[in-house]
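Novice: Attaching a predicted model along with its sequence, questions to come.
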Amino acid sequence: MTNTSSTLQVRKTPFQYLSLLGNLVSRELKKKHRRSILGYVWCVLNPLLVMLIMNMVFSHMFRNNIENYPVYLFVGRTIFSFITDSTNSTSRSIIGNGALMRKTKIPYYIFPTATFLSSVVNYLFSLIAFIIVLLLTNTPVTIHAIAFPLVMLQLFVFSYGLGLLLSQLNTFARDVGQIYTVFTTAWMYLTPLFYPLENLPDFLQNIIKTCNPAYVYIQQGRLIFLGNTWPTGDLILQGSIFALVFLGLGILAYHKCNKKLILYV
């Protein structure tokens with residue numbers, strides 16, 4: 001009887017804290033836009049300005065290789081930026097809420113979840129900028145666009161799992177955040193954001209196609225909006241595997257470490 005009650009309690013827990021989660025997400029959003037005159041408008045302007053600058057710099061280099069370079073660049077840039085921004089902020093979420101963790105008895109996963117969801121909200125605002133780019137470049141939007149939420153689902157699950165894992169590693173060893181910053185810089189250059197993958201040697205292309213989750217999600221987005229076709233089954237399967245593996249690692253690490261986290265914040 002005791003085991004059954006305990007199981008029911010675990011299953012109810014996420015729903016019990018929905019109101020608190022909403023408040024924490026609101027707090028994170030206010031914190032990100034504190035003292036900002038433009039507020040959420042910056043979520044739209046920032047990717048537009050970055051895309052404009054990068055387009056001016058790189059379009060001349062790859063104008064003969066890539067058709068509709070602004071959209072090619074925007075899809076890659078926004079997806080990769082979401083991965084790095086969401087995981088970086090989530091990695092600091094437990095450390096940043098140490099005082100609250102010591103005062104209240106709530107599941108610690110609430111903090112990385114709230115931080116991650118605030119990044120999702122900002123990303124959804126950036127899609128307004130994407131619509132503007134599609135309109136300015138006269139890019140046709142076909143029925144295949146309905147597959148983009150599937151790409152976002154894979155992207156969100158993967159990023160949340162990675163962020164949850166990093167939030168615990170960073171709590172026990174603060175060097176993890178520094179190392180991850182260096183890693184994301186290398187990751188950026190090994191992801192075809194502003195250059196065509198075909199420019200790289202064959203062996204490096206194979207490594208990126210096989211081992212780079214960001215490439216998998218970006219390529220699906222480009223097939224939808226530039227290729228006017230459905231993402232291939234192989235890419236969807238690969239993206240789903242990356243997402244589920246990292247979500248599993250994040251959850252497993254949480255269950256292994258959550259009782260010790262309070263000692264390190």
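Specialist: Everything's here; your move.
Novice: From residue 17, how far out is the closest residue to residue 114 other than its chain neighbours?
Specialist: Once flanking residues are discounted, residue 114 sits nearest to residue 24: 3.5 Å by Cβ to Cβ, 6 or more residues apart in numbering. To be clear about C-beta, it is placed using only N, CA and C from the backbone, and glycine gets the same treatment. Distance from residue 24 to residue 17, counting by Cβ to Cβ, to the nearest Å: 9 Å.
Novice: just residue 236 next, same as before
Specialist: From residue 236 to residue 17 the distance is 32 Å (Cβ to Cβ).
Novice: repeat for residue 78
Specialist: For residue 78, the distance to residue 17 (Cβ to Cβ) stands at 30 Å.
Novice: Would you map the helices across the stretch 51-200 of the chain?
Specialist: Counting by DSSP state H, counting those that start in this stretch, one finds helices in the stretch 51-200 of the chain at the ranges 69-91, 93-96, 98-103, 110-136, 148-172, 175-189.
Novice: And those, which one averages the lowest pLDDT?
Specialist: Among those, helix 98-103 has the lowest mean pLDDT, at a mean of 83.
Novice: Would you mind pulling up the elements that it packs against?
Specialist: Packing partners of helix 98-103 (3 or more Cβ pairs under 8 Å, 6 or more residues apart in numbering; DSSP states H and E): none among the helices and strands.
Novice: outside of it, which residues touch it?
Specialist: 94, 108, 111, 261, 262, 265 (Cβ atoms under 8 Å, 6 or more residues apart in numbering).
Novice: Any of those residues buried? List them.
Specialist: Listed as buried from the contacts of helix 98-103 are 94, 108, 111, 261, 265; burial here means 16 or more other Cβ atoms under 10 Å.
Novice: gap between the second one and residue 142?
Specialist: For residue 108, the distance to residue 142 (Cβ to Cβ) stands at 44 Å.
Novice: now the fourth one
Specialist: In this structure, residue 261 and residue 142 are separated by 47 Å, where distance is defined by Cβ to Cβ.
Novice: Kindly report the same for the third one.
Specialist: Relative to residue 142, residue 111 is positioned 40 Å away (Cβ to Cβ).
Novice: CA atoms only for stretch 24-34 - export them in CSV, please.
Specialist: Only the C-alpha atoms of stretch 24-34 are listed here, as CSV (Å, rounded to 0.1, in the frame of the first residue of the first chain):
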residue,chain,number,x,y,z
LEU,A,24,9.5,31.0,-12.0
VAL,A,25,9.3,31.2,-15.8
SER,A,26,7.8,34.7,-15.5
ARG,A,27,10.6,35.6,-13.1
GLU,A,28,13.3,34.4,-15.5
LEU,A,29,11.7,36.4,-18.4
LYS,A,30,11.6,39.5,-16.3
LYS,A,31,15.2,39.0,-15.2
LYS,A,32,16.4,38.6,-18.9
HIS,A,33,14.6,41.8,-20.0
ARG,A,34,15.2,43.9,-16.9
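Novice: If you count neighbours, what's buried in it?
Specialist: 24, 25, 28, 29, 32, 33.
Novice: With stretch 126-146 instead?
Specialist: Under 16+ other Cβ under 10 Å, the buried positions of stretch 126-146 are 126, 129, 130, 133, 134, 139.
Novice: Thought residue 44 was touching the first one, still the case?
Specialist: By that I understand residue 126. Yes. Counting by Cβ atoms under 8 Å, residue 126 touches residue 44, with 6.7 Å between them.
Novice: Just the C-alpha atoms of stretch 225-245, please, in CSV.
Specialist: This file holds the C-alpha atoms of stretch 225-245, laid out as CSV (Å, rounded to 0.1, in the frame of the first residue of the first chain):
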residue,chain,number,x,y,z
PHE,A,225,11.9,26.0,-45.9
LEU,A,226,14.6,25.9,-48.7
GLY,A,227,14.0,22.4,-50.2
ASN,A,228,10.2,22.6,-49.9
THR,A,229,10.2,19.0,-48.9
TRP,A,230,9.6,16.8,-45.9
PRO,A,231,12.5,16.0,-43.5
THR,A,232,13.9,12.6,-44.3
GLY,A,233,13.0,9.7,-42.1
ASP,A,234,16.7,9.1,-41.3
LEU,A,235,17.1,12.7,-40.1
ILE,A,236,13.9,12.5,-37.9
LEU,A,237,15.0,9.2,-36.4
GLN,A,238,18.5,10.5,-35.8
GLY,A,239,17.2,13.7,-34.2
SER,A,240,14.8,11.8,-32.0
ILE,A,241,17.5,9.4,-30.8
PHE,A,242,19.7,12.4,-29.9
ALA,A,243,16.8,14.0,-28.1
LEU,A,244,15.8,10.9,-26.1
VAL,A,245,19.4,9.9,-25.2
